[in-house]
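Participant: Fold the following, please.
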Amino acid sequence: MTEATTTRASLLIRLRDTRDADAWSQFVELYSPLIFGFARRCGMQDSDAADIVQDVMREVTHSIGKFEYNPQVGKFRSWLYKVAKRSIYRAHAKRLKQPVATGDSVTLRRLLDEEDTHDENQQFWDREYRCNLLQWASERIQGQFQAATWQAFWRTSVEQRSAQEVAQELGMTVGAVYVAKSRVTKRLAEKIKEVDDS
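Facilitator: Residues are numbered from 1 along each chain as shown. Alright, predicted model coming up:
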């Protein structure tokens, strides 16, 4: 997957129909872990991070009907990042107004001072998105392959081990390891493309 990965336009269009349970289920599965992890990175407790996820999902539900997909303007994922960042900012600001000192002013200041385009949080957001997308797709296709085929793919692609080493461990030929890796990679790319243009 590349840095230019963008949310598939068809999924965004389907989200406009609030009754499309499959589209919303895919969206929540893809983006909830990303938003939750980002909120935790920004200093939120688990329960507060879960509230951030709900806030962002509410904002998406409210705004998606007006959302015009235009890849030249920017990525949907970047817009979602800004929505999450604003939600975290509001939560931190609300906590700072409370009389109990929470020590969150450093995190709040950091969120306010960072640029949206090339900051550390944006890089974290993009990296976590790609990881969550890979995990989501992997979980859905793993059962379509024999255990040895999946292991050959996983050990060579994800664990970055040599085909020779994996072939010996799995009792396969080196050629069979490469074929297995290729088959799973192709199917993984197809699954990812269902929800994301890459």
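Participant: Identify the residue spatially nearest to the spatially most central residue of the chain, adjacent ones excluded.
Facilitator: The residue lying closest to the centre of the chain (C-alpha atoms, centre = their mean) is residue 129, at 2.6 Å. Leaving aside its sequence neighbours, residue 129 sits nearest to residue 34 (C-beta to C-beta, 6 or more residues apart in numbering; 5.4 Å). Glycine gets a C-beta too; all of them are placed from N, C-alpha and C.
Participant: was I right about that neighbour contacting residue 132?
Facilitator: Yes. Assessed by C-beta atoms under 8 Å, residue 34 is found in contact with residue 132 at 5.2 Å.
Participant: more crowded one of the two?
Facilitator: Neighbours around residue 34 and residue 132, counted as other C-beta atoms under 10 Å, are more numerous at residue 34. The numbers are 24 against 19.
Participant: Look up how far residue 148 lies from the more buried one.
Facilitator: Distance of residue 34 to residue 148, given as C-beta to C-beta, to the nearest Å: 32 Å.
Participant: what does residue 139 give?
Facilitator: Residue 139 is 19 Å from residue 148, where distance means C-beta to C-beta.
Participant: for residue 180, same thing?
Facilitator: Distance, residue 180 to residue 148, using C-beta to C-beta: 7 Å.
Participant: And residue 155, by the same measure?
Facilitator: Per C-beta to C-beta, residue 155 is found 10 Å from residue 148.
Participant: Looking at these two, which one has more neighbours?
Facilitator: Between residue 155 and residue 148, residue 155 has the larger neighbour count (other C-beta under 10 Å), namely 21 against 16.
Participant: check contacts around that one.
Facilitator: Going by C-beta atoms under 8 Å, 6 or more residues apart in numbering, residue 155 touches 161, 165, 166, 169.
Participant: Near the last one, how many other residues are there?
Facilitator: Residues within reach of residue 169, counting by other C-beta under 10 Å, total 14.
Participant: Which of the helices or strands spans the residue nearest to the centre of the chain?
Facilitator: Residue 129 is located in helix 120-141, with elements delineated by DSSP states H and E.
Participant: Could you list every helix and strand that that helix packs against?
Facilitator: Packing partners of helix 120-141 (3 or more C-beta pairs under 8 Å, 6 or more residues apart in numbering; DSSP states H and E): helix 21-41, helix 76-97, helix 174-193.
Participant: Find me the pLDDT at the residue nearest to the centre of the chain, would you?
Facilitator: In this model, residue 129 is scored at 88, pLDDT.
Participant: what residues are shared contacts of residue 180 and residue 148?
Facilitator: residue 172.
Participant: Can I get the contacts of residue 155 in TSV including pLDDT, secondary structure and distance to residue 16?
Facilitator: Converted to TSV, these look like this (pLDDT from 0 to 100; DSSP: H, G, I helix; E, B strand; the rest coil; distance: C-beta to C-beta, whole Å):
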residue	pLDDT	secondary structure	distance to residue 16
161	95	coil	44
165	95	helix	49
166	95	helix	45
169	95	helix	48
